[in-house]
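In: coords below, sequence missing:
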(Lines give C-alpha, C1' and ligand atoms only; values in the text may rest on other atoms or scores of the structure.)
Protein backbone atom coordinates (compact mmCIF):
# COMPACT_ATOMS: atom_id res chain seq x y z
CA UNK A 1 0.00 0.00 0.00
CA UNK A 2 1.19 3.50 -0.78
CA UNK A 3 0.61 6.55 1.40
CA UNK A 4 -1.52 8.99 -0.58
CA UNK A 5 -2.68 9.66 -4.09
CA UNK A 6 -0.60 12.22 -5.98
CA UNK A 7 -2.13 15.16 -7.83
CA UNK A 8 -1.00 14.84 -11.43
CA UNK A 9 -2.53 18.02 -12.91
CA UNK A 10 -5.64 20.15 -12.88
CA UNK A 11 -8.01 19.73 -15.83
CA UNK A 12 -10.02 22.56 -17.36
CA UNK A 13 -12.96 21.95 -19.66
CA UNK A 14 -13.19 24.03 -22.84
CA UNK A 15 -15.10 23.96 -26.10
CA UNK A 16 -11.75 24.73 -27.79
CA UNK A 17 -9.02 22.88 -25.88
CA UNK A 18 -6.21 24.23 -28.08
CA UNK A 19 -7.23 27.87 -27.62
CA UNK A 20 -7.37 27.52 -23.84
CA UNK A 21 -4.11 25.53 -23.68
CA UNK A 22 -2.39 28.22 -25.74
CA UNK A 23 -3.65 30.93 -23.38
CA UNK A 24 -2.17 29.21 -20.32
CA UNK A 25 0.97 28.10 -22.16
CA UNK A 26 1.76 31.70 -23.00
CA UNK A 27 0.61 33.16 -19.67
CA UNK A 28 2.67 30.74 -17.56
CA UNK A 29 5.61 29.92 -19.86
CA UNK A 30 4.69 26.23 -20.10
CA UNK A 31 5.35 23.67 -22.84
CA UNK A 32 3.23 20.95 -24.40
CA UNK A 33 3.61 17.32 -23.50
CA UNK A 34 5.41 15.62 -26.41
CA UNK A 35 2.82 14.86 -29.08
CA UNK A 36 0.40 17.59 -27.92
CA UNK A 37 2.11 20.42 -29.83
CA UNK A 38 0.02 22.31 -32.40
CA UNK A 39 0.23 21.00 -35.98
CA UNK A 40 3.19 22.42 -37.84
CA UNK A 41 5.31 22.78 -34.69
CA UNK A 42 6.91 19.36 -34.80
CA UNK A 43 3.71 17.35 -34.35
CA UNK A 44 2.19 15.12 -37.01
CA UNK A 45 0.81 18.11 -38.94
CA UNK A 46 -2.73 16.72 -38.99
CA UNK A 47 -5.92 18.62 -38.21
CA UNK A 48 -5.99 20.26 -34.80
CA UNK A 49 -9.17 19.32 -32.94
CA UNK A 50 -7.71 17.75 -29.80
CA UNK A 51 -9.92 16.30 -27.08
CA UNK A 52 -7.13 16.32 -24.47
CA UNK A 53 -3.95 18.40 -24.10
CA UNK A 54 -1.37 18.56 -21.31
CA UNK A 55 0.97 21.41 -20.38
CA UNK A 56 4.23 20.90 -18.50
CA UNK A 57 6.90 23.03 -16.93
CA UNK A 58 10.06 23.21 -19.07
CA UNK A 59 11.48 20.62 -16.62
CA UNK A 60 8.64 18.19 -17.43
CA UNK A 61 6.28 18.54 -14.44
CA UNK A 62 2.60 18.25 -15.40
CA UNK A 63 0.69 21.40 -14.49
CA UNK A 64 -2.57 21.74 -16.45
CA UNK A 65 -4.63 19.62 -18.81
CA UNK A 66 -7.48 20.64 -21.11
CA UNK A 67 -10.46 18.51 -22.05
CA UNK A 68 -12.73 19.36 -24.96
CA UNK A 69 -16.44 19.45 -24.18
CA UNK A 70 -19.37 20.16 -26.48
CA UNK A 71 -20.86 22.90 -24.31
CA UNK A 72 -19.62 24.89 -21.37
CA UNK A 73 -21.83 27.14 -19.26
CA UNK A 74 -19.70 30.09 -18.18
CA UNK A 75 -19.76 31.02 -14.54
CA UNK A 76 -21.81 34.05 -13.60
CA UNK A 77 -19.56 34.78 -10.60
CA UNK A 78 -19.91 36.86 -8.50
CA UNK A 79 -23.61 36.12 -9.02
CA UNK A 80 -24.38 32.60 -7.69
CA UNK A 81 -26.53 31.53 -10.69
CA UNK A 82 -23.68 29.48 -12.19
CA UNK A 83 -20.97 29.15 -9.50
CA UNK A 84 -17.31 28.94 -10.43
CA UNK A 85 -16.81 25.78 -8.29
CA UNK A 86 -13.03 26.01 -8.67
CA UNK A 87 -10.46 28.55 -9.81
CA UNK A 88 -6.72 28.86 -10.26
CA UNK A 89 -4.55 31.34 -8.35
CA UNK A 90 -1.23 32.65 -9.62
CA UNK A 91 1.18 34.65 -7.50
CA UNK A 92 3.19 37.48 -9.04
CA UNK A 93 6.44 37.63 -7.05
CA UNK A 94 7.30 41.26 -7.76
CA UNK A 95 4.42 43.53 -6.58
CA UNK A 96 5.44 46.08 -9.23
CA UNK A 97 4.70 43.47 -11.93
CA UNK A 98 1.05 42.80 -10.99
CA UNK A 99 -0.48 45.36 -13.39
CA UNK A 100 1.84 44.23 -16.20
CA UNK A 101 0.75 40.59 -15.76
CA UNK A 102 -2.93 41.62 -15.77
CA UNK A 103 -2.44 43.55 -19.02
CA UNK A 104 -0.57 40.57 -20.56
CA UNK A 105 -3.45 38.26 -19.66
CA UNK A 106 -5.99 40.67 -21.14
CA UNK A 107 -3.96 41.01 -24.35
CA UNK A 108 -4.12 37.20 -24.65
CA UNK A 109 -7.91 37.17 -24.28
CA UNK A 110 -8.61 37.30 -20.53
CA UNK A 111 -11.38 39.52 -19.22
CA UNK A 112 -11.22 41.44 -15.92
CA UNK A 113 -13.94 40.38 -13.46
CA UNK A 114 -12.79 42.08 -10.27
CA UNK A 115 -9.90 44.10 -8.97
CA UNK A 116 -8.99 44.35 -5.35
CA UNK A 117 -5.67 46.08 -5.79
CA UNK A 118 -6.33 48.40 -2.84
CA UNK A 119 -6.17 45.44 -0.43
CA UNK A 120 -2.94 46.07 1.54
CA UNK A 121 -2.24 42.44 2.52
CA UNK A 122 -2.85 40.81 -0.86
CA UNK A 123 -3.66 42.99 -3.89
CA UNK A 124 -5.32 40.91 -6.58
CA UNK A 125 -7.17 40.76 -9.86
CA UNK A 126 -9.78 38.16 -10.76
CA UNK A 127 -9.93 37.55 -14.49
CA UNK A 128 -11.72 35.08 -16.75
CA UNK A 129 -9.69 33.08 -19.27
CA UNK A 130 -10.92 32.84 -22.89
CA UNK A 131 -13.24 29.92 -21.94
CA UNK A 132 -14.67 31.87 -19.00
CA UNK A 133 -12.86 30.12 -16.12
CA UNK A 134 -12.00 32.63 -13.37
CA UNK A 135 -8.42 32.88 -12.16
CA UNK A 136 -6.58 35.19 -9.77
CA UNK A 137 -3.37 37.13 -10.16
CA UNK A 138 -2.16 38.35 -6.79
CA UNK A 139 0.93 39.58 -4.99
CA UNK A 140 2.20 40.40 -1.53
CA UNK A 141 3.49 43.99 -1.16
CA UNK A 142 6.16 43.01 1.35
CA UNK A 143 7.21 40.00 -0.71
CA UNK A 144 5.96 37.57 1.94
CA UNK A 145 2.68 35.59 1.69
CA UNK A 146 0.04 36.59 4.22
CA UNK A 147 -0.41 34.18 7.15
CA UNK A 148 -3.29 31.75 6.77
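Out: Received, thanks. Worth saying up front: this structure is predicted, and the values here are computed from it rather than measured.

In: which outside residues touch stretch 113-126?
Out: The contact list for stretch 113-126, computed with C-beta atoms under 8 Å, 6 or more residues apart in numbering, reads 77-78, 87, 95, 98-99, 102, 112, 127-128, 134-141, 146. (Each C-beta comes from the backbone N, C-alpha and C, glycine too.)

In: if you set the cut-off to 6 Å instead, what comes out?
Out: Under the criterion C-beta atoms under 6 Å, 6 or more residues apart in numbering, residues 102, 128, 134, 136-139, 146 lie in contact with stretch 113-126.

In: closest to residue 59 among these?
Out: residue 137 (22.8 Å; C-beta to C-beta).

In: before we move on, the earlier item: what subset of the contacts of stretch 113-126 is buried?
Out: Buried by 16 or more other C-beta atoms under 10 Å: 102, 128, 134, 136-139, out of those.

In: can you list the low-confidence ranges for the chain?
Out: Low-confidence segments of the chain, defined by pLDDT under 70: 1-2, 4-5, 40-48, 143-148.

In: of the contacts of stretch 113-126, which belong to helices?
Out: Taking DSSP state H as the definition of helices, the contacts of stretch 113-126 contribute residue 102.

In: longest helix of the chain, counting residues only.
Out: In terms of residue count, the longest helix belonging to the chain (DSSP H) is helix 17-28.

In: which outside residues touch it?
Out: Here helix 17-28 has contacts from 14, 48, 50, 53, 55, 64, 66, 68, 105, 108-109, 129-131, using C-beta under 6 Å, 6+ apart.

In: let's see 8 Å
Out: Here helix 17-28 has contacts from 12, 14, 30-32, 36, 38, 48-53, 55, 63-64, 66-68, 90, 104-105, 108-110, 129-131, 133, using C-beta under 8 Å, 6+ apart.

In: next one: stretch 8-15
Out: 20, 54-55, 62-72, 88, 129, 131, 133.
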